[in-house]
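J.: Got a predicted structure plus its sequence, pasted below:
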Amino acid sequence: MAKGSLWHRPFDVTGIGMQLTSISKEHARYLAMGGIDNFVGDGALGRLRAEGVAEAFYSVNIKRAVWLAADFQMIWNPAYNGDRPGPIYIPAAKVHGEF
């Protein structure tokens with residue numbers, strides 16, 4: 001993460017992040033049998049693979065207490081399934097206000 005003071009915008013923030021996660025063989029077996037948990041499970045778990053996420057964002061300060069942020073995520077092996085198409089790309093925007 002970097003603060004905008006480096007480029008003379010002291011209230012802006014930017015950052016990047018990455019994560020790699022996996023699940024146990026027992027959890028994978030449960031999902032393959034049609035089990036559902038909070039985030040994944042449609043009965044079609046194929047080749048078990050680690051799921052990876054890369055993310056980058058920039059948050060620009062528009063007014064004293066208002067920020068507009070752009071975010072971009074890339075996810076490979078979504079839902080721990082090496083047979084799913086991917087990577088997938090997720091762009092996002094958000095507004096943050098403090099009152």
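T.: On my side now, so go ahead.
J.: Okay, now the unreliable bits of this structure?
T.: Where the chain drops to pLDDT under 70, the residues are 41-44.
J.: Sheet partners, orientation included, of the strand of greatest length in it?
T.: Counting residues, the longest strand in the chain under DSSP state E turns out to be strand 51-63. Within its sheet, strand 51-63 is paired with strand 13-21 (antiparallel), strand 66-76 (antiparallel), according to DSSP bridges.
J.: Can you list the buried residues in it?
T.: Under the neighbour-count criterion of 16 or more other Cβ atoms under 10 Å, strand 51-63 has E51, G52, V53, E55, F57, S59, N61 buried. (C-beta placed from N, C-alpha, C; glycine too.)
J.: Stretch 14-34 too?
T.: Neighbour-count burial for stretch 14-34 flags T14, I23, H27, A28, Y30, L31 (criterion: 16+ other Cβ under 10 Å).
J.: I'd say S59 and A2 touch.
T.: No. Between S59 and A2 there is no contact under Cβ atoms under 8 Å: 11.0 Å.
J.: Identify the contacts common to the two.
T.: By Cβ atoms under 8 Å, 6 or more residues apart in numbering, S59 and A2 have these common neighbours: V13, T14.
J.: before we move on, what SS does A92 have?
T.: Secondary structure assignment for A92 (DSSP: H, G, I helix; E, B strand; the rest coil): strand.
J.: ok, and the closest non-adjacent residue to it?
T.: Nearest-residue entry for A92: D71, 4.3 Å, with adjacent residues in sequence omitted and distances by Cβ to Cβ, 6 or more residues apart in numbering.
J.: for the one you found, what are its contacts?
T.: Residues in contact with D71 (Cβ under 8 Å, 6+ apart) are E55, A56, F57, P91, A92, A93, K94.
J.: residues in contact with the longest strand of the chain?
T.: The contact list for strand 51-63 (Cβ under 8 Å, 6+ apart) reads 4, 9, 11-22, 67-80, 96.
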